[in-house]
Every structure is written in C-alpha cells, then in structure tokens.
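**Student:** Could you work out the structure for the sequence below:
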Amino acid sequence: MERRDWCINGRFLTQKITGVQRYAREIVQGLDELIAERHPLTAGLRVEILMPEAGLALPGLKAIESRTVTGLKGHLWEQIVLPAQAKGKILNLCNTAPVWGRNIVCIHDMNVVEFPASYSLQFRLLYKALIPTVARRARLVTTVSRYSAEKIAAVGLDSGAIAVLPNGHEHAKAWFPTRSPATEKAAGPRTVVVLGSGAPHKNVAMLRALAGDMAKEGLKLAIVGALDAKVFQAGGLDASHEAISVGRLSDDELAALLGDCLCLAFPSFVEGFGLPPLEAMALGCPVVSSDRASLPEVGGSAVLYADPDQPQEWLKAFLRLRDDPSLRASLIEKGRVQAGQFSWRGSALGYLESMAKIDRS
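**Tutor:** Down below sits the predicted model:
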C-alpha cells in the first residue's frame with residue numbers, strides 16, 4: 001500500500017495541560033513508539049507535528065519530527081496557516097480542526113451544548129458553530145467514550161461511524177509520588193480529594209457545601225485545581241472553613257496526595273470521559289464518582305457511585321469507605337484491573353488503523 005504523509009495539529013503544544021491536551025500528548029507518544037518499533041501499520045508512513053511559534057515540542061520523540069510554522073495565532077493559525085503548510089492529511093486530537101479538508105478530528109465531548117452555563121459566552125458561540133461544521137466535514141470523527149459518540153451524533157452523524165478511542169492509564173503509573181507543603185497540609189487517611197475547576201458542570205460547589213457535615217464526621221475535603229477564565233465560568237465556589245483549597249499540583253504531587261487520602265471524589269454532572277478517576281484507580285486510590293454521563297463507562301464496578309444532586313449520598317459513600325477497610329481494599333484491587341482496560345497504546349493503534357484505512361481509500 002502506498003502511504004501518504006500525515007501531519008498532526010500541534011496547536012495543543014501552546015496550551016496548558018488539561019485532560020484534552022493530555023490525550024493529545026499521550027496519543028502522539030503512542031504513535032511515535034509504534035512507528036519507531038516499525039509496526040506493520042507504519043510501513044511507509046511519514047508523520048510530523050506542525051506547531052505555532054509559541055509551541056513547545058514534545059521531548060523524547062524518536063520517529064515523529066516537529067516543525068514550527070509561524071504566522072497568526074490561535075484559531076486563525078489552525079484555520080489558515082496549518083492547512084496551507086500541512087503535507088498530506090491532518091490528525092486533530094483536541095476538538096477543533098481546519099474547516100477545509102477531510103481530516104481526522106477527535107471531539108472529546110459536547111459539554112458546551114449539554115452544560116452551557118459552564119462556559120464563557122465567547123467560547124460557547126465559537127464551539128457551537130465550529131464543532132458541528134468540523135464534525136460533518138471530517139473524513140473520520142473519533143471520541144473518547146460511547147457516551148460522547150451518542151452526543152456527537154446529534155449534530156447529524158451516525159454514532160456507529162464515530163470511532164471510540166479512549167484515554168489511557170499508563171502515564172499515571174509513571175508519576176513519582178512527591179510530597180510537598182501543599183500536599184502535607186491536605187493529606188490524611190480521612191481526606192477526600194476532589195479535582196476540578198469551579199465550572200458548574202464539575203459540581204465542586206456541592207462538595208464544598210457538604211464540607212461542614214463531613215467535618216462533623218471527622219472527614220476533610222481537599223480541593224485541587226484552578227479555573228481557566230478564558231474558557232469556563234465560575235460556579236459559586238463559596239468559601240468554606242472546612243475545605244482546603246490546594247490549588248494546582250504537579251503530577252507527582254497529585255500522586256502523593258492520592259496515595260495519602262481516603263478517596264477521590266468526582267461529582268461532575270457531565271464528562272466526555274473523566275480522566276481523574278482513571279488516574280486514581282491506576283494509582284490505587286478508591287473513587288466515589290457521579291453516576292452520570294460517561295463516568296459509569298469509565299469506572300465500571302470498581303468505584304462507588306452517587307447522584308450529583310444528592311449530597312448525603314456522597315457523605316454516606318465516604319463513611320462506608322472510612323468504616324469498611326475490606327470495601328476500600330476491594331475497590332483498590334478492582335480499580336487497578338479496571339484502569340488496565342484503558343490503554344494509550346491501544347488507542348494509538350486505533351488511530352494507525354484509521355489512518356491506514358483512509359490511505360487505502
């Protein structure tokens with residue numbers, strides 16, 4: 001089979017690392033490893049990353065080269081400069097893509113439609129116009145969960161034609177737990193850790209309001225994360241003396257905190273995937289998760305579930321973990337097995353298969 005050149009949209013290399021950017025980085029590294037290993041699907045395949053001037057190249061790549069392309073910024077770079085400079089098809093891993101050109105695009109979720117209150121007006125207007133257009137014109141749409149595939153199909157696609165290539169867990173196992181003053185003030189066997197910004201769909205405000213009841217039971221709430229005001233709108237994070245705001249942590253600090261706590265709580269109303277519960281399971285940290293959206297798909301039978309509209313259900317789940325060591329140990333064991341079902345290498349292989357199919361057509 002004669003292969004065509006492929007280009008990876010490297011705009012994500014100018015952005016802060018959240019779940020979407022983590023996905024792109026890990027998929028690129030997975031592709032790079034497969035190409036370096038000379039997997040049969042990579043025969044004759046040439047791949048490069050094109051990135052804006054402000055981009056920082058991924059370190060350690062063996063087979064995929066990076067090329068900086070100057071001129072314009074942000075979405076204008078993506079819509080004008082990227083397609084003009086790309087050699088061959090473009091793989092887009094972070095929701096957006098050039099409107100012109102039938103490429104592969106990964107759309108992680110439709111949260112901007114499902115929960116618009118979480119997003120700034122500018123962001124909502126842009127994504128509500130751009131995402132459906134990109135999805136309909138793409139050669140292939142991928143996403144990270146069956147739940148997201150169903151939601152994306154609402155823009156006029158066949159959900160069965162959307163490739164589900166989920167997040168993986170391997171990166172978390174490479175973290176080196178590192179305690180710091182920030183983690184030490186929050187850590188403890190009765191600490192419940194919650195990750196998430198103040199965006200309303202993350203539902204962190206519900207746990208903040210519950211912190212007083214938790215404190216009466218000897219439990220402590222530690223909140224990790226910060227809000228990107230360019231994208232999200234704050235959702236009423238009232239101050240609470242019982243809750244500790246840790247702010248942003250490095251991956252290694254987060255690994256230490258998850259290893260030193262009772263559990264991770266993840267109370268979101270909607271998620272395209274929900275990477276933090278998967279990371280926690282991979283690290284041996286029990287999880288109490290919302291029973292909505294894609295989260296049961298990620299957690300399976302390895303987590304405790306609670307209704308995000310029912311705070312007392314969350315308190316009962318925390319107390320079960322505190323009072324039943326055998327339950328906690330069981331969830332840790334099940335969680336490691338469940339996390340192992342989600343592999344970056346497997347998803348990268350899925351992209352290679354899709355790229356090869358397109359090259360054959």
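
**Student:** Compute the first-to-last residue distance for stretch 291-305.
**Tutor:** Its first and final residues considered, stretch 291-305 spans 5 Å by CA to CA, to the nearest Å.

**Student:** So for it, what gets flagged as buried?
**Tutor:** Arg292, Ala293, Ser294, Leu295, Pro296, Glu297, Val298, Gly299, Ala302, Val303, Leu304, Tyr305 (16 or more other CB atoms under 10 Å). In this view, the C-beta of every residue, glycine as well, is placed from N, C-alpha and C.

**Student:** list the contacts for the fourth one?
**Tutor:** By CB atoms under 8 Å, 6 or more residues apart in numbering, the contact set of Leu295 is Phe266, Ser268, Glu271, Gly274, Pro277, Ser289, Tyr305.

**Student:** and if you look at the fifth one?
**Tutor:** Neighbouring residues of Pro296 by CB under 8 Å, 6+ apart: Ser289, Tyr305.

**Student:** In a helix, it, correct?
**Tutor:** Yes - counting by DSSP: H, G, I helix; E, B strand; the rest coil, Pro296 is part of a helix.

**Student:** roughly how far apart are it and Glu271?
**Tutor:** Here the criterion is CB to CB, to the nearest Å. By it, Pro296 lies 11 Å from Glu271.

**Student:** any idea of the mean pLDDT for stretch 59-70?
**Tutor:** Per-residue pLDDT values across stretch 59-70 average out to 95.

**Student:** Break the protein into its domains for me.
**Tutor:** The chain breaks down into these domains under automatic domain parsing: 6-168+343-360, 174-339.

**Student:** any weak-confidence spans in the stretch 201-350 of the chain?
**Tutor:** 226-241 (pLDDT under 70).

**Student:** How are the strands of it distributed by residue range?
**Tutor:** 220-224, 243-247, 263-266, 287-290, 304-306 (DSSP state E, counting those that start in this stretch).

**Student:** Could you list every helix and strand in contact with the shortest one?
**Tutor:** Pointing back at strand 304-306 there. strand 287-290, helix 295-299, helix 311-323 (3 or more CB pairs under 8 Å, 6 or more residues apart in numbering; DSSP states H and E).

**Student:** Partner strands of the first one, with direction?
**Tutor:** As defined by DSSP bridges, the strand partners of strand 287-290 come to strand 263-266 (parallel), strand 304-306 (parallel).

**Student:** List the neighbours of the shortest one that are in contact with it.
**Tutor:** The contact list for strand 304-306 (CB under 8 Å, 6+ apart) reads 267, 286-291, 295-296, 299, 313-314, 316-317, 320-321, 331.

**Student:** Leu72 against Leu82, yeah?
**Tutor:** No - Leu72 sits out of contact with Leu82 when judged by CB atoms under 8 Å, with a separation of 9.5 Å.

**Student:** Compare neighbour counts for the two and give me the winner.
**Tutor:** Leu82 (24 against 15; other CB atoms under 10 Å).

**Student:** In three-state terms, label that one for me.
**Tutor:** helix.

**Student:** Can you tell me how far it is from Asn92?
**Tutor:** For Leu82 relative to Asn92 (CB to CB), the value is 9 Å.

**Student:** who touches both of the two?
**Tutor:** With CB under 8 Å, 6+ apart, Leu82 and Asn92 have common neighbours Asn9, Pro98.

**Student:** picking up where we left off before, most neighbours among the contacts of Leu295, which one?
**Tutor:** Neighbour counts for those, by other CB under 10 Å, peak at Glu271, which reaches 31 neighbours.

**Student:** contacting residues for that one?
**Tutor:** Glu271 neighbours (CB under 8 Å, 6+ apart): Asp109, Asn111, His201, Ser290, Arg292, Ala293, Ser294, Leu295.

**Student:** try Ser326
**Tutor:** Not one residue lies near Ser326 by CB under 8 Å, 6+ apart.

**Student:** ok, so what distance separates it from Gly259?
**Tutor:** Between Ser326 and Gly259 the computed distance is 20 Å (CB to CB).

**Student:** His169 now?
**Tutor:** 16 Å.

**Student:** who's more crowded, those two?
**Tutor:** More crowded of His169 and Gly259, by other CB under 10 Å: His169, with 23 against 16.

**Student:** doesn't Gln338 make contact with the more buried one?
**Tutor:** No - judged on CB under 8 Å, His169 makes no contact with Gln338 at a distance of 9.1 Å.

**Student:** Give the residues shared as contacts by these two.
**Tutor:** By CB under 8 Å, 6+ apart, the residues touching both His169 and Gln338 are Met281.

**Student:** Which parts of the stretch 151-300 of the chain are helices?
**Tutor:** 170-173, 181-184, 204-216, 251-259, 275-282, 295-299 (DSSP state H, counting those that start in this stretch).

**Student:** Buried residues, the third one. List them.
**Tutor:** Right, helix 204-216. Buried residues in helix 204-216, counted by 16+ other CB under 10 Å: Val204, Ala205, Met206, Leu207, Arg208, Leu210, Ala211, Met214.

**Student:** And that helix, what does it pack against?
**Tutor:** Secondary-structure packing of helix 204-216 (3+ CB pairs under 8 Å, 6+ apart): strand 191-195, strand 220-224, strand 243-247, helix 311-323.

**Student:** what does stretch 26-40 rub up against?
**Tutor:** 8, 41-42, 45, 47, 49, 58, 60-64, 93, 165, 167-168, 170-171, 344-345, 347-349, 351-352.
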